[in-house]
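Q: I would like the atomic coordinates for the input below:
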Amino acid sequence: MLFSPLIDFSDIGLNIRTNTLLEILSPSFNAGKYTVLNPQKNLIQIYEEALFTQPINQSEFAFRLSNINFSGTNFSITQESIYNFNDLLLVNEENQNTITTALDIQKGISTTCFKIKYYITFPTTFNIYNIYDINPDGSIILEYDNTLPNISEGININDIKYDLINGNNQKIYFSTSGSLSAQNKGLVIANDSNFGSTKDRVRIGNYFYHISANKQYVVLSYGCNDNEFYISNWNNGDIVGFSGQILDRVVPEKSGNLVYDGIIIEKPSIMPVLQKSDISGSIDDNTFKENFIITINDAFYKITDFYTQLSTDYLVLSGLPLNLGTYTSGGSSLSVNCKQFKKKENIIYTLYLDLKNSIDPVGEYVISCDLNRNGANQVTAKNQNEEEIILCDASTFKLDELSNSMFAMNDSKKNNGPSDIINQKENISFVIETKDGKNTKGQV
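A: Modelled structure (predicted):
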């Protein structure tokens, strides 16, 4: 189980199991990617338990949880980074008013645009880039070309030698103080018929997970088409046909650790064959799993399930945690006591009603009061004068050892997890009406 004291996993909107990704981050010994299920307050079960070396390393680590909104195998990305070129010589009113751009050509304002002749090695090696647009601060945006250098966001290339060239390919001036920065974007295209609409699958701020590259990118905006969206920090050029996922980050980076939860023991050989009370055809002969309580180190444990594996019978227990070895590590030896609680025998009462004013003969009625682990079925009644009539003189059912044990266990678990002890009451009312008009009423 993943344990994080400040997170209620059952109340944060997780898509359980295959739709939820757990990332345990490096440098943890347990680093890796897993799926989770069965949230229980501050605990959630990790599905791929076989991937962990036993006994588990329980030291603290950083982790993230994300709902997988979509998983596909046919994504493509087109790099559409924005490259900003800047120089003090460019930031003046005259240049801004005279420079024509590729955007002007698209708008039909001009037929030519200015260019930057970018010297890689002066003066012999260079590339020429169209000026796409001019920013309000006077810097320019270069039209994207895959020969532009890959630059991480926040990093500048300075002291660039370049020529400013007009629309007629004439050099306007030369400078050695150019500066280049990039806002890296990628246009993701989902080539999958099951993807549907981007706005139904993706929210701005979600993450796109490139699985083979093991990297995640923030979703910046939607694209022009219904199956497109832009991601940040993409500077790997154009790629096609790869697997990816849309991740909705539910828990950003938090701290936690691995713990064990749940106890399975080998069934003591002297115990009888157990039954489940909710199975059709089961016989109430004191061998239901609810008829037994296990005690280990003076603590009470309820049997929640049982099964057989490789000819060995096992009991699944619920109760306070124990520091035990895992199955794969050989387990731990335990001193186990078992108490069987037998139901009390049925008490059957025969009631004779002497209907004095009735034409009918004396009526004979049989009432069965079943006192067992479920409680007592007591029958009380009052006549038409509201006088009490005892139809079933069953002694009041008192909490036996089983009930006391369960409540003791419940009390000891108050601060250690949820309780599953449930009380339920049902009432059946009846009225006996005789021909002389008298009524006898009560409840079963």
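
Q: what about the strands in the stretch 151-300 of the chain?
A: Remark: strands assigned in the stretch 151-300 of the chain by DSSP state E, counting those that start in this stretch are 157-165, 171-183, 185-190, 207-210, 215-222, 228-232, 239-258, 263-266, 292-296, 299-309.

Q: an error on my part: the question was meant for the stretch 1-150 of the chain.
A: Using DSSP E, counting those that start in this stretch, strands in the stretch 1-150 of the chain cover 2-3, 17-24, 32-40, 43-46, 61-79, 82-86, 115-121, 125-134, 140-142.

Q: what about those strands, which gets the closest to residue 284?
A: Closest approach to residue 284 among those is made by strand 32-40 (31.0 Å; C-beta to C-beta). C-beta coordinates here come from the backbone N, C-alpha and C atoms, glycine included.

Q: can I get the strands of the stretch 1-150 of the chain in a markdown table with distance to residue 192?
A: Formatted as a markdown table, the strands of the stretch 1-150 of the chain follow (distance: least, C-beta to C-beta, whole Å):
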| stretch | distance to residue 192 |
| --- | --- |
| strand 2-3 | 31 |
| strand 17-24 | 17 |
| strand 32-40 | 21 |
| strand 43-46 | 29 |
| strand 61-79 | 4 |
| strand 82-86 | 28 |
| strand 115-121 | 39 |
| strand 125-134 | 32 |
| strand 140-142 | 32 |
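
Q: lowest average pLDDT across these?
A: Ranked by mean pLDDT, the strands of the stretch 1-150 of the chain end with strand 17-24 in last place, scoring a mean of 85.

Q: tell me which of the strands of the stretch 1-150 of the chain lies nearest to residue 194.
A: Relative to residue 194, the nearest member of the strands of the stretch 1-150 of the chain by C-beta to C-beta is strand 61-79, separated by 7.3 Å.

Q: that closest one: partners in the sheet, and parallel or antiparallel?
A: Paired strands of strand 61-79, with direction, are strand 17-24 (antiparallel), strand 185-190 (antiparallel), strand 239-258 (antiparallel) (DSSP bridges).

Q: show me which positions of that strand end up buried.
A: Using 16 or more other C-beta atoms under 10 Å as the test for burial, strand 61-79 gives 61, 63-72, 75-79.

Q: domain ranges for the chain?
A: 2-71, 82-183, 191-248, 263-340, 347-443 (automatic domain parsing).

Q: can you add distance to residue 257 and give the ones you listed back as JSON lines?
A: Shown next, in JSON lines, are the domains of the chain (distance: least, C-beta to C-beta, whole Å):
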{"stretch": "domain 2-71", "distance to residue 257": "5"}
{"stretch": "domain 82-183", "distance to residue 257": "33"}
{"stretch": "domain 191-248", "distance to residue 257": "23"}
{"stretch": "domain 263-340", "distance to residue 257": "14"}
{"stretch": "domain 347-443", "distance to residue 257": "17"}
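
Q: all set now, cheers.
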